[in-house]
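> Let me see the structure of the following:
(chains A and B)
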Amino acid sequence: GENVEQHPSTLSVQEGDSAVIKCTYSDSASNYFPWYKQELGKGPQLIIDIRSNVGEKKDQRIAVTLNKTAKHFSLHITETQPEDSAVYFCAALNQAGTALIFGKGTTLSVSS
Amino acid sequence: SAVISQKPSRDICQRGTSLTIQCQVDSQVTMMFWYRQQPGQSLTLIATANQGSEATYESGFVIDKFPISRPNLTFSTLTVSNMSPEDSSIYLCSVSTLGRGTGGYTFGSGTRLTVV
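Numbering: from 1, shown residues only, chains lettered A, B, ... in the order given. A predicted model of the protein is given here:
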């Protein structure tokens, strides 16, 4: 089945710096790759997603890039702010193309 | 996107007992899922809740331990049976509003379960 690897597990940056989180997936048939942000005590919130027919998608300070050949995708956050501090999860669809399989998460800390 | 209401939001239960978690969605959805998130860990898919038929369980999860119901397109329940401290986790309901493989996956706020 699908396997999603995520790195790094923790990331500390200064306010205003950029943060990059990387994920790789195993199933070349996967075609949908979302990123979620989870704050303490809350459920995961979708922040951006990308489908396999595009290589990059941007939404203000957040961007996602996809390399289908290498089977990896990355989350880029520019001009980080303290409120960006949270756990970020990448995901890909399972082999059946129905449910999401998650990476292990990255704890991002932005210090002011 | 769909709005999900999960109940209870948290509970402390005695070992050996069972807890039923409810997931209510404000609109009809094509797919509903249950995930477990152990302390400090990622989300693991327990099962896909199928409307009108038995749930589809992932490897390592069985119906006797985690019975699931989905009587209609807006509601599902997950029961954690014969609980032990190892069942202490956050249990999350998720739905897809856009159909198979097209995205739109939303999560509830979760049920924080502690088994003592």
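> Residues of chain B that sit close to chain A?
Contacts of chain B with chain A, taken as Cβ under 8 Å from any Cβ of the partner chain, map to B:1, B:4, B:31, B:33, B:41-45, B:48, B:92, B:94, B:96, B:100-103, B:105-110. Where C-beta positions appear, they are placed from N, C-alpha and C, glycine not excepted.
> Give me the neighbour count for residue 40.
Answering for chain A, as no chain was given. 7 (other Cβ atoms under 10 Å in any protein chain shown).
> Oops, wrong one, chain B.
Other residues lying near residue B:40 total 8 when counted by other Cβ under 10 Å.
> Three-state assignment for it, please.
Judged by DSSP: H, G, I helix; E, B strand; the rest coil, the three-state class of residue B:40 is coil.
> can you tell me how far the most far-flung residue of chain A relative to its centre sits from chain B?
Here chain A reaches farthest from its C-alpha mean at residue A:112, the gap being 22.9 Å by Cα atoms, centre = their mean. Distance, residue A:112 to chain B, by Cβ to the nearest Cβ, to the nearest Å: 25 Å.
> State the number of residues packed around the nearest residue to that residue once chain neighbours are set aside.
Using Cβ to Cβ, 6 or more residues apart in numbering or on different chains and skipping residues adjacent in sequence, the residue nearest residue A:112 is residue A:15, 4.6 Å away. Residues near residue A:15, counting by other Cβ under 10 Å, number 12.
> one step back: right, and the residue farthest from the centre of chain A touches residue A:82 too?
Yes - assessed by Cβ atoms under 8 Å, residue A:112 is found in contact with residue A:82 at 5.2 Å.
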